[in-house]
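Peer 1: Here is my input; please provide its structure:
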Amino acid sequence: MTPVEPLIEAALTAHGEGRTDEAFDLYGQALADRPDYLHISNLPGDATFERPKRLVDDELLDAVIDRLRYLKGAERNAKTLALLGGFYQLSGDASAAISACQSASSSDVETAVSLGLAHLDLHEFDAAVAVLSDAVVRHPGNVRLLNYLGGAHRSASNFDAAIDSFRLASRPEFLVAMANLGSMLREARRYDDAIKVLQQVLGHDSAFPKAAYNLCMAYMATGQDAEAVVAGQRGVADGSAPDFEDYNGLGSALLAHDDYAAALVTFEKSLSLNPRGVTALAMINGAWAGLGRGDDVRNLVDFGRFMMPFSIQPPPNFRDLAAFNDALFEHAMAFPEQPGNRRQTLNLVATPHGPMVALKQIIDEAVAGYIAQLPDGLDHPFTAYKPQQWDLDVWATRMTSVEYQFPHIHPHGWVSGIYYPRVPKFTAPLDHKGQVVEFPGHIEFYRFLQFSQRPIVSESVRIPAEEGLMVLFPSYFHHTINPFESETMRMSIAFNAMPR
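Peer 2: Numbering: from 1, shown residues only. Here you go, the predicted model:
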């Protein structure tokens, strides 16, 4: 039971017994008692700020919302409407939260927080920043508001403004803002500054969640592998309950330090905590490769067994595949971009319309068919955890050139894929050695991440980009796009099927 649940239960009890003033105060305290509501993500290479969606039991939330939404008379006032908006926001109904908060016409802190976070949930980043900025002006020096404003700025890719907000909120008695500052500095690649701030956090609280993990990642980014190992070890030793991503951070540092045996033990620990862990599955192969266990490497990242390329058929309401691809191209070219990333769109199927309705159906059917053809049984860590249901995150990448893309995975997925609606003629640029790049524009898959110290080179396969081609693969497969140049736009549509 989270610390919020006893407050809500006490509030419901007081409400049912007619002690409404006490109940409303307890409701407000439950909403306010989450200074960690914007918390540091724990995914390697990802310093975003994600909020837990299920802070309390759904039945408790439903009970509170039912109590508040049917208030009448004098009790249905600005305060109770603001409370209703806050609990709608906690329940995940962002639109209802915005409506209730705006109806409250209140300028208090909790209304602003609920309204701002609801806008964030709807990807209305500028609106979230505006609401929280106005609240900061009305309530100067409120560290909670400054912390939320920093998270909103980060979501809008206003990195400098996010850093400023977190810095203003940072103080020893409010370490979450200081930890967010350290993580944000790391994301902004200000690694030396990030290291100093994260060391300060750990000086105040040696077990502060994810501070040691982020310190480990910052050290790795600056090539201080030995220091990264020490920080990673601290993350799994000092924390009261280290999670699988803390072990992933340490394992990655050990790999970079060429300590393959210790890295293997660490990733095995991560997988014992989260057997479906995409990051651990992606990285454990590096440890096996370093220990000469080539059969294990090829079994886990089995290109022939787990990659499924195929050409799709045009949907019935399109005259041919070219017409479908043209519709996808035009739709995705006009779709909103991700904040701070002009190359990639927001989720194309959050509310699918136009040609995305047909493409979503094609992807869902492809994922279902992919899962169905995998064998059952526990003999492989990928096939042992086949999802029964999934949600899709789908985005388009629009570009005319790629200089270099570091091999990456899709940590939020289980099976991922890519589809090509528009492929131009590629020109091969020169690489860093002045040689012409081979296979420009191809997608290339690797068996493990290549560190510079590693004495062996990862095996790989390449698949040419072709209009109408879809490729499905496990989300833990490292992959990249080979450098290319073109005179016209290249568009790929990538997707993650995320276990529900």
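Peer 1: Surely residue 197 and residue 180 touch.
Peer 2: No - when contacts are counted by C-beta atoms under 8 Å, residue 197 is not listed as touching residue 180 (9.6 Å). C-beta coordinates here come from the backbone N, C-alpha and C atoms, glycine included.
Peer 1: what about those two, which has more around it?
Peer 2: Set residue 197 next to residue 180 and count neighbours by other C-beta atoms under 10 Å: residue 180 wins out with 31 against 28.
Peer 1: Against which helices or strands is the longest helix seen in the chain packed?
Peer 2: If you go by DSSP state H, the chain has its longest helix at helix 355-373. Here helix 355-373 touches strand 308-311, helix 321-333, strand 390-402, strand 415-422, strand 469-474, strand 484-499, going by 3 or more C-beta pairs under 8 Å, 6 or more residues apart in numbering; DSSP states H and E.
Peer 1: Please repeat the previous calculation with a cut-off of 6 Å.
Peer 2: Helix 355-373 is packed against helix 321-333, with contacts defined by 3 or more C-beta pairs under 6 Å, 6 or more residues apart in numbering; DSSP states H and E.
Peer 1: contacting residues around the helix it packs on?
Peer 2: Contact partners of helix 321-333, identified using C-beta atoms under 6 Å, 6 or more residues apart in numbering, comprise 314, 318, 345, 354-355, 396, 421-422, 467-468, 491.
Peer 1: Can you give me the neighbour number for residue 457?
Peer 2: Residues near residue 457, counting by other C-beta under 10 Å, number 11.
Peer 1: List buried residues within the contacts of helix 321-333.
Peer 2: Among the contacts of helix 321-333, the ones that count as buried by 16 or more other C-beta atoms under 10 Å are 314, 318, 345, 355, 396, 421-422, 467-468, 491.
Peer 1: Widest-spaced pair of those residues?
Peer 2: Using C-beta to C-beta, the two most remote members of those are 314 and 345, lying 22.2 Å apart.
Peer 1: Quick check: residue 441 touching residue 465?
Peer 2: Yes - if you go by C-beta atoms under 6 Å, residue 441 and residue 465 touch, sitting 5.1 Å apart.
Peer 1: For whichever strand or helix holds residue 289, which helices and strands make contact with it?
Peer 2: Element membership for residue 289 (DSSP states H and E) is helix 278-290. Applying 3+ C-beta pairs under 6 Å, 6+ apart, we find helix 278-290 packed against helix 244-256, helix 260-273, helix 294-300.
Peer 1: how big is the angle separating that helix from helix 244-256?
Peer 2: 30 degrees (axes from the mean of the first three to the mean of the last three C-alpha atoms, to 10 degrees).
Peer 1: Now do helix 278-290: distance to the chain's middle.
Peer 2: Put simply, helix 278-290 sits 20 Å off its chain's centre (C-alpha atoms, centre = their mean, to the nearest Å).
Peer 1: For residue 102, give me its contacts.
Peer 2: Contacts of residue 102 by C-beta under 6 Å, 6+ apart: none found.
Peer 1: Quickly note the distance from it to residue 241.
Peer 2: Distance of residue 102 to residue 241, given as C-beta to C-beta, to the nearest Å: 39 Å.
Peer 1: mean confidence for stretch 415-426?
Peer 2: Averaged across stretch 415-426, pLDDT comes to 96.
Peer 1: Also stretch 139-156?
Peer 2: Averaging pLDDT along stretch 139-156 gives 92.
Peer 1: Report the buried residues of that stretch.
Peer 2: Result for stretch 139-156 [16+ other C-beta under 10 Å]: buried residues 142-156.
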